[in-house]
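J.: here is a sequence with its predicted model. Questions after.
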Amino acid sequence: MSLNGDGRGWIRVLTAKLARSRTSEDTITPLFIETDEQRYRETAEQLIQIFEGHLGEPKGELEDTIDQLTIADTDYKIVQGLAKLLKDECEFETIAPVEPREIREELFKKANESYPIVRQPMLGEDTRKLEVYSAVADRLDITLEECYRGMYADLEENKRLVRFGHRVSEEYEDTDETTTTTRLTGDSEESYAEDTVTVEWLLTRYNLALAQAVLYDATEMQVRVWDSFATVFSYVKLFGLMHRIYPIDSSGNRVPSTDVADGYEAILDGAASLFSKSRKYGIRMANFLPALPLCDRWEMEADILDDESGSTSQTLSFKLDHSDGLSSHYTAQGDFDSDVERTLAQKWERANTDWNLIREDDVLDLGAEIMLPDFALEHPDGRRALFEIVGFWTPEYLDEKLGKIQDVDRDNLILAVSERLDCSSEDFEGLDGRVLWFKTGMHVYDVVELAEEYAIEVSPS
């Protein structure tokens, strides 16, 4: 994921004016829509067709058409909310053969020689104005129409819809690299699970956005997950969320050790818990939420600060879980982070050993950081070891990895370290006996030998 750690570019949630929720006593609940209800499906289909039909057209015309649909529909907030999410999937560009500023300068310079001109004169209405446009068009080597359209092509309403979802306008596809284009949207660089905007995607995305909007004013979020730990906690780190992590059993109760954990509970501190409330941090909380539906089983409970209920603020409770039917537009973490890990897993399948190689199912809380060991090694007799591969070569990564390893207080952590790295046994002081050095790959039985020596017996949960 090529994202900035502060979450810039991920602000793809509904504005406060478009959010819909209900407050009852001390709870707040988003007003989800039924995604299979025919009227919502018809509205979503109409909006998608509007956006597809306006590919290559000015943004102003698109918004006028959306407004017409809004007037005809009694669910104003829903229509505008759905449209907002579709706009997040768009790119608008200034399309002009010459910079609009240059066209304007030439027109004003030419017009100033005799008289002012209007923005777009009618052909034949004023031959002198036509002469000005024609003279400038000739000077810039563009057509008369391109001169008319290009003069104010950089106004918001004149920018063109060049991309919607995976679809690109024909005009934009044919645009030469020398054509002047100016990016309007600050779209996220996140990778999506879907590449096609559908009715189902839009309606489920809308419900998720309603839930995200509630989290703007979260003071604390409690998350419980029972699978996809690496994916969820990579998003915790990505958005720079302050956290505390606890191992839990299958019922959600805390247990004394990660060795006996069925899942993990994370306490995430929100905007209002800081010295001064920060909406920017609240957006991070909202942007983290789509990571949870990537899990098969998850629960979330948040404390929401309500400043608008009266003269004094109160805290409202907001709860969600996997049964709410939310789906994510984020991408789950891939199976393996490197070829070394993938090759080892393939070798393990062919090896004759009682030890099982398990992909990333441990979360080690290091305070401000999280460490997710690459593998766990488990033996049928109950012994268990954590296995981390240090094979990436950039100095920044190595420094960060070594720092984390030194902070881990786990007797059953074993390591495999590439000999190509700029490090030595001195960098693993106190851990050097647990290190397996390798050149291009490692042998399964060398890893097993380390596991036999350092694995500890784990009590059943």
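T.: Cool, got the structure.
J.: so, low pLDDT: which residues of the stretch 51-200 of the chain?
T.: Along the stretch 51-200 of the chain, the parts satisfying pLDDT under 70 run over 114-127, 171-195.
J.: now do stretch 349-362: distance from first to last residue.
T.: This stretch, stretch 349-362, spans 21 Å end to end (CA to CA, to the nearest Å).
J.: gap between Gln406 and Glu429?
T.: 8 Å (CB to CB, to the nearest Å). (Glycine included, C-beta is placed from N, CA and C.)
J.: Val225 too?
T.: 34 Å.
J.: how about Ala153?
T.: 63 Å.
J.: burial of Arg359, as a residue count?
T.: 12 (other CB atoms under 10 Å).
J.: please name the bridge partners of it.
T.: Phe375 (DSSP bridges).
J.: next: the one 5 residues further on.
T.: Following DSSP bridges, Leu364 is listed with bridge partners Met371.
J.: ok, now which ones touch it?
T.: Applying CB atoms under 8 Å, 6 or more residues apart in numbering, we find Leu364 in contact with 258, 370-373, 386, 408, 410.
J.: which non-adjacent residue is nearest Ala209?
T.: Using CB to CB, 6 or more residues apart in numbering and skipping residues adjacent in sequence, the residue nearest Ala209 is Leu14, 4.7 Å away.
J.: does that neighbour touch Leu208 like I think?
T.: No. Contact between Leu14 and Leu208 fails when scored by CB atoms under 8 Å: they sit 9.9 Å apart.
J.: pull the number of nearby residues for the residue nearest to Ala209.
T.: 24.
J.: related to what we said a few turns ago, who has more neighbours out of Gln406 and Glu429?
T.: Taking neighbours as other CB under 10 Å, Gln406 and Glu429 compare with Gln406 leading, 14 against 8.
J.: contact partners for that one?
T.: So, once contact is read as CB under 8 Å, 6+ apart, Gln406 ends up touching 429, 431.
J.: ok, it to Trp437 distance?
T.: 18 Å.
J.: low-confidence regions, the stretch 201-350 of the chain specifically.
T.: In the stretch 201-350 of the chain, residues with pLDDT under 70: 270-281, 308-312, 333-337.
J.: so which residues of it form strands?
T.: With DSSP state E, counting those that start in this stretch, the ranges of strands along the stretch 201-350 of the chain come out as 218-225, 243-248, 263-269, 298-306, 314-321.
J.: could you dump the ones you listed into a markdown table with distance to Gly433 added?
T.: Listed next are these as a markdown table, based on distance: least, CB to CB, whole Å:
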| stretch | distance to Gly433 |
| --- | --- |
| strand 218-225 | 34 |
| strand 243-248 | 27 |
| strand 263-269 | 29 |
| strand 298-306 | 39 |
| strand 314-321 | 44 |
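J.: is Asp427 part of a helix or strand, or is it coil?
T.: The three-state label given to Asp427 by DSSP: H, G, I helix; E, B strand; the rest coil is helix.
J.: for the residue nearest to it when sequence neighbours are not counted, the count of nearby residues, please.
T.: With sequence-adjacent residues excluded and distances taken as CB to CB, 6+ apart, Asp427 is closest to Leu402, at 5.5 Å. Residues lying near Leu402 (other CB under 10 Å) number 16.
J.: from the contacts of Leu364, which is closest to Pro58?
T.: Relative to Pro58, the closest of the contacts of Leu364 is Ile370; by CB to CB it sits at 46.5 Å.
J.: pLDDT wise, what is the closest one at?
T.: On the pLDDT scale, Ile370 is placed at 64.
J.: wait, doesn't Glu146 sit right on Tyr133?
T.: No. Glu146 lies out of contact with Tyr133 (CB under 8 Å); the separation is 10.3 Å.
J.: between those two, who's got more neighbours?
T.: More crowded of Glu146 and Tyr133, by other CB under 10 Å: Tyr133, with 22 against 18.
J.: I'd say that one and Glu145 touch.
T.: No. Assessed by CB under 8 Å, Tyr133 is found out of contact with Glu145, at 9.7 Å.
J.: so what's the closest residue to Arg383 other than its chain neighbours up against?
T.: Among residues not flanking Arg383 along the chain, Ala455 sits closest, at 4.0 Å (CB to CB, 6+ apart). Residues near Ala455 by CB under 8 Å, 6+ apart: 377, 379, 383-385, 412.
J.: gap between Ala455 and Phe387?
T.: For Ala455, the distance to Phe387 - CB to CB - is 10 Å.
J.: give the residues shared as contacts by the two.
T.: Leu377.
J.: state the number of residues packed around Ala211.
T.: For Ala211, using other CB under 10 Å, the count is 26.
J.: try the one 10 residues further on
T.: Burial measure for Met221: 23 neighbouring residues, criterion other CB under 10 Å.
J.: what does Ala135 give?
T.: Counted with other CB under 10 Å, Ala135 comes out at 16.
J.: nearest residue to it in space, please, no chain neighbours.
T.: In space, Ala135 is closest to Lys110, 5.7 Å off (CB to CB, 6+ apart).
J.: how about the helices in the stretch 251-400 of the chain?
T.: For the stretch 251-400 of the chain, the helices defined by DSSP state H, counting those that start in this stretch cover 279-288, 339-350, 395-407.
J.: list the contacts of Val232.
T.: 223, 225, 266, 291-292, 294-295, 298.
J.: between the residues you listed, which is nearest Asp138?
T.: Distances from Asp138 to those, taken by CB to CB, are shortest for Ala291, at 56.9 Å.
J.: quickly note the distance from the closest one to Ser328.
T.: For Ala291, the distance to Ser328 - CB to CB - is 7 Å.
J.: just Met151 next, same as before
T.: Distance from Met151 to Ser328, by CB to CB: 44 Å.
J.: between those two, who's got more neighbours?
T.: Met151 (25 against 19).
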